[in-house]
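Engineer: can't give you the sequence, but here's the structure:
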């Protein structure tokens, strides 16, 4: 039971990171009907920018951790958002009225560009950082000596995710930008007839998605203590799986899918074998899609008109 | 009645537009004066809806000119045209199905930068015209009946406090009673607020009785023009659009 509780905690933390990335996939899909294959690499870029800004702040002699974390968070979100904006501008917007496959190919190309650019600029080696946040709480100590721990990093990851999710939900549901985004998702032509600048709204969608991915990148850095140029690939595919599992286009679905993938992966590793954790996650995706083709919270394509 | 010397609110000159290779508008001239209701009638595929959409630049004009209040808007981006307070209730209604009725109306208000008081007044006006919408405020647009969706589409257009309201087949698929309600609402808006209206209708009889002037469109060209009463008397109109010949 203790062991299970510990794996549950680990799974939820990993799932939070997947969920933050998955939101970017699902938002972009909702508004332009395209899978942004470069989104995993945007997450990787976010991790690198967090690392670089962290090292710069430390070299300036800043040592107060909460302030460092806050500045790193803001810098990472800002610069990564700029990457997201640029990718949309140069690789997707010119192809918006082209045939359907074109922006997808261009997205895959963009993914390669970002991966290789990071490899050249930052080197191929894994970049470790010493633990920035240490300590934690012992929740329960079993008779057999097994300890259920909740580390401070885990608390920070989960709280940051919850706060961002609340902010983001508010933005989509209550603000004008959120309304414009939903309008563009449902009918771009009609949105423009009502004064919505569709291009700008799509840009903002990429910017917000990238900013959330940057947070995920920073959380990854804090949690695993390392980043590398290739980490966007697997994390991206997992998050994409999470988005599809939850129902592509659905925001709560993306978060739910992220948590599920995180849990499945962790529990499978804990009870069966680490080697097959990806197989387990993707198998469950296949099973769910066979019985629920639109994902867990996705809506059927047919609408009453 | 209407001073012909005034600058038209909307003036269309030799307008051509096409979808790919299919030319839908082949040189259309049309003018709408402030305070007028103008009806545009014609068979399916004549280019009536295209004309309305081309005013918004969707599709863009191949040649010709569109002037709104004397300003050339032929090449202005669609969303900026909307912000000049031209509103359209388009073909197929195109309400946002996964937004509440209240949010759909808010989208209309967002089209122009209006104050909170103006927004509230606009909402009040729309709900007075269409009390049915009041009961449905929190319901998703996609769950409304056809007639309610039509009311919502017109209401949404009105929320932007338009100077020119363009209605594409507002009575399409509606029960006669509801269609009459909508025509009454348009007449009221025109008389009370001086709203300028361009209305496309399959129901030529209704539209021409409502309108001050009318245009008849055939195959992308305007073939006839006159006051509503004049056009109603024309034998070729009666034969083609009024005496059961619409689908012949």
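Structural biologist: Looks like it arrived, so ask away. For clarity, every value in this text was computed on a predicted model and none was experimentally measured. Numbers count the residues shown, from 1 in each chain, chains lettered A, B, ... in the order given.

Engineer: what's near enough to touch residue A:140?
Structural biologist: Contacts for residue A:140 (C-beta atoms under 8 Å, 6 or more residues apart in numbering or on different chains) come out as A:2, A:5, A:147, A:148. (Each C-beta comes from the backbone N, C-alpha and C, glycine too.)

Engineer: Could I get the pLDDT score of the first one?
Structural biologist: To tie it back to what came earlier, the one meant is residue A:2. At residue A:2, the model reports a pLDDT of 85.

Engineer: mind checking how far it is from residue B:130?
Structural biologist: 62 Å (C-beta to C-beta, to the nearest Å).

Engineer: Farthest-apart pair in the contacts of residue A:140, please.
Structural biologist: Using C-beta to C-beta, the two most remote members of the contacts of residue A:140 are A:5 and A:147, lying 10.6 Å apart.

Engineer: Which residue ranges of the stretch 1-150 of chain A form helices?
Structural biologist: A:2-32, A:39-59, A:65-87, A:101-122 (DSSP state H, counting those that start in this stretch).

Engineer: Need the contact partners of the helix or strand bottoming out on mean pLDDT in chain B.
Structural biologist: Between all helices and strands in chain B, the lowest mean by mean pLDDT, DSSP states H and E belongs to helix B:235-237, at a mean of 84. Identification of contacts with helix B:235-237 by C-beta under 8 Å, 6+ apart yields B:41, B:204, B:208, B:216, B:224, B:231.

Engineer: Which positions within it qualify as buried?
Structural biologist: Within helix B:235-237, the residues that qualify as buried by neighbour count (16 or more other C-beta atoms under 10 Å in any protein chain shown) are residue B:237.

Engineer: go on, stretch A:185-202?
Structural biologist: Those would be A:185-188, A:190-199, A:201-202, for stretch A:185-202 by 16+ other C-beta under 10 Å.

Engineer: List, out of those residues, those positioned next to chain B.
Structural biologist: Applying C-beta under 8 Å from any C-beta of the partner chain, the subset of the buried residues of stretch A:185-202 adjacent to chain B comprises A:186, A:187, A:190, A:191, A:192, A:193, A:194, A:195, A:196, A:197, A:198.

Engineer: Does the third one touch residue B:91 like I think?
Structural biologist: No: under the criterion of C-beta atoms under 8 Å, residue A:190 is not in contact with residue B:91, lying 10.9 Å apart.

Engineer: Which of the ones next to chain B among the buried residues of stretch A:185-202 fall in helices?
Structural biologist: A:186, A:190, A:191, A:192, A:193, A:198 (DSSP state H).

Engineer: What count of nearby residues applies to residue B:139?
Structural biologist: 14 (other C-beta atoms under 10 Å in any protein chain shown).

Engineer: what's near enough to touch the closest residue to it other than its chain neighbours?
Structural biologist: The spatially closest residue to residue B:139, leaving aside those adjacent along the chain, is residue B:101, at 5.8 Å (C-beta to C-beta, 6 or more residues apart in numbering or on different chains). Residues in contact with residue B:101, defined by C-beta under 8 Å, 6+ apart, are B:133, B:136, B:137, B:138, B:139, B:140, B:141, B:144, B:152.

Engineer: Which strand residues bridge the closest residue to the fourth one other than its chain neighbours?
Structural biologist: To tie it back to what came earlier, the one meant is residue B:138. Spatial nearest neighbour of residue B:138, chain neighbours left out: residue B:100 (5.4 Å); criterion: C-beta to C-beta, 6+ apart. On the basis of DSSP bridges, residue B:100 is bridged to residue B:140.

Engineer: ok, residue B:100 touching residue B:142?
Structural biologist: No: between residue B:100 and residue B:142 there is no contact under C-beta under 8 Å: 10.3 Å.

Engineer: Low-confidence stretches in chain B?
Structural biologist: Counting by pLDDT under 70, chain B has low-confidence residues at B:1-5, B:243-248.

Engineer: Would you tell me which residues of it are close to chain A?
Structural biologist: Checking chain B against chain A by C-beta under 8 Å from any C-beta, the hits are B:56, B:58, B:77-80, B:82-83, B:88, B:90, B:92, B:94, B:96-99, B:103, B:106-108, B:110-112, B:142-143, B:156, B:160.

Engineer: Of the residues you listed, which belong to strands?
Structural biologist: Judged by DSSP state E, the residues of chain B next to chain A include residue B:88 as members of strands.

Engineer: out of the residues of chain B next to chain A, which are buried?
Structural biologist: B:56, B:58, B:78-79, B:82-83, B:88, B:90, B:94, B:96-97, B:99, B:103, B:106-108, B:110-112, B:156, B:160.

Engineer: Which of those residues fall within helices?
Structural biologist: Going by DSSP H, the helices hold B:78, B:79, B:82, B:83, B:103, B:106, B:107, B:108, B:110, B:156 from these.

Engineer: residues touching residue A:216, list them.
Structural biologist: A:17, A:18, A:20, A:21, A:43, A:46, A:235.

Engineer: same deal with residue B:215?
Structural biologist: B:30, B:38, B:39, B:40, B:41, B:222, B:224, B:225.

Engineer: In ChimeraX, how would I select the buried members of those?
Structural biologist: Command for ChimeraX that selects the buried part of the contacts of residue B:215, burial taken from 16+ other C-beta under 10 Å:
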select /B:30,38,39,40,41,222,224
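
Engineer: Among the contacts of residue B:215, pick out the one closest to residue B:194, please.
Structural biologist: When these are compared against residue B:194 (criterion: C-beta to C-beta), the nearest one is residue B:38, at 14.2 Å.
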